[in-house]
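Asks: For reference, the sequence and a predicted model appear below.
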Amino acid sequence: MGTAIFGGLALATVLSLVLVPVLYIVVKNFEKYVLGGGDNGTPPGDPGNGHGNGNKPSPTAPEEEKTPRF
């Protein structure tokens, strides 16, 4: 009986580590193929919408010189 329990736990672990990610990828690809849904490739924050900085990096202040003061 212990062999059956151990084997069942081992099989369940292997299936959950392999089968779940594979099924996730299959379903996502099927969804994109059939529904044409998913990511449209444009990052959020369109620079032409007048809000925020868009996709540009934030401006940074110039670094001060690292000279010792005596």
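Replies: Received the coordinates, thanks.

Asks: Next up, identify which helix or strand T3 is on.
Replies: Using DSSP states H and E, T3 sits in helix 2-35.

Asks: buried sites along that helix?
Replies: By neighbour count with 16 or more other Cβ atoms under 10 Å, helix 2-35 contains no buried residues. (Glycine included, C-beta is placed from N, CA and C.)

Asks: All further residue positions should be reported with the first residue as 26.
Replies: Yep, numbering from 26; the last one is helix 27-60 now.

Asks: taking the mean pLDDT, what do you get for it?
Replies: What helix 27-60 shows for mean pLDDT is 93.

Asks: where does G27 sit relative to G33, distance-wise?
Replies: To G33, G27 is 11 Å away according to Cβ to Cβ, to the nearest Å.

Asks: Can you classify K91 by secondary structure?
Replies: coil (DSSP: H, G, I helix; E, B strand; the rest coil).

Asks: Count the neighbours of K91 for me.
Replies: When neighbours are defined as other Cβ atoms under 10 Å, K91 has 5 of them.

Asks: what's the pLDDT at it?
Replies: 70.

Asks: now it: how far from N54?
Replies: 52 Å.

Asks: now L36
Replies: 26 Å.

Asks: cool, T28 as well?
Replies: Separation of T28 from N54 (Cβ to Cβ) stands at 38 Å.
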